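Asker: sequence and predicted structure are below.
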Amino acid sequence: MRQRRVVLSGCSGGGKSALLKEMARRGHATVPEPGRRIIAEERRTGTRALPWIDPASFCQRAIELAIEDAAHAKGATVIFDRSALDALIWFDRTGTELAQTTRQQVLSLGYDRRIYLTPPWPEIFESDDDRKHGMTDALAEFEALCDRLPQYGFEMVLVPKRPVLARANWFEAQLEEGAAA
């Protein structure tokens with residue numbers, strides 16, 4: 001049986017990580033966001049592939065880490081907090097060159113065709129030491145996902161704005177529906 005690779009993406013500060021944490025608590029296989037792990041590593045090593053210093057290097061590293069994540073993911077269904085698609089779409093959005101072989105590798109990672117997107121939710125959005133951008137940048141990122149994902153053949157499903165437990169119940173129902181399809 002083929003592994004399901006379910007992507008949870010969307011607007012920064014839209015509650016993805018909280019939902020992923022609840023899904024893990026419920027026993028689902030999850031993979032944390034590459035970006036936050038890259039930032040932690042860059043701070044530890046003192047290197048500069050940070051989104052506010054060198055976004056192209058950061059996004060290239062995000063693709064590399066997401067490819068590693070996909071290769072090492074365990075479980076029949078794995079939920080990814082963001083994916084290589086997010087970084088690929090950053091390259092598209094900014095017009096920054098990306099090798100065609102890398103682009104093809106990202107598109108062949110076997111992510112489910114249905115991508116779950118957290119919509120903009122200004123009431124819960126917060127900047128922090130790892131998310132230095134504001135709501136305007138988060139909206140541009142979300143709009144780019146909405147624009148490009150269908151062009152790559154993905155269907156977008158908006159995650160409803162609900163408390164975390166209600167969102168997790170909804171998401172589990174979505175996963176069950178997708179498994180039956």
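Answerer: Good, I have the coordinates. The model shown is predicted, which means the values in this text are computed figures rather than measured ones.

Asker: just the buried positions in the lowest-mean-pLDDT helix or strand in the chain, please.
Answerer: Least confident helix or strand of the chain, by mean pLDDT, DSSP states H and E, is helix 34-45 with a mean of 84. Judged by neighbour count using 16 or more other Cβ atoms under 10 Å, the buried positions of helix 34-45 are Pro34, Gly35, Ile38, Ile39, Glu42. All C-beta atoms are positioned from the backbone trio N, CA, C, and that covers glycine.

Asker: quick one: which of these is nearest to Thr77?
Answerer: When the buried residues of helix 34-45 are ranked by distance to Thr77 (Cβ to Cβ), Pro34 comes first, at 19.1 Å.

Asker: what distance do you get for the closest one to Tyr111?
Answerer: 14 Å (Cβ to Cβ, to the nearest Å).

Asker: quick one: low-confidence parts of this structure?
Answerer: 1, 121-135, 179-181 (pLDDT under 70).

Asker: so where does Trp17 fall, helix or strand?
Answerer: Rather than Trp, residue 17 is Ser. Element membership for Ser17 (DSSP states H and E) is helix 16-25.

Asker: helices or strands up against that helix?
Answerer: Packing partners of helix 16-25 (3 or more Cβ pairs under 8 Å, 6 or more residues apart in numbering; DSSP states H and E): strand 4-10, strand 29-31, strand 77-81, helix 164-180.

Asker: show me the contacts for the most centrally placed residue in the chain.
Answerer: Central residue of the chain (Cα atoms, centre = their mean): Arg82, 1.0 Å from the mean position. Going by Cβ atoms under 8 Å, 6 or more residues apart in numbering, Arg82 touches Val7, Leu8, Ser9, Lys16, Glu33, Pro34, Gly35, Ala62, Ala66.

Asker: what distance do you get for the second one to Leu50?
Answerer: If I follow you right, that is Leu8. 23 Å.

Asker: who's more crowded, these two?
Answerer: Leu8 (25 against 18; other Cβ atoms under 10 Å).
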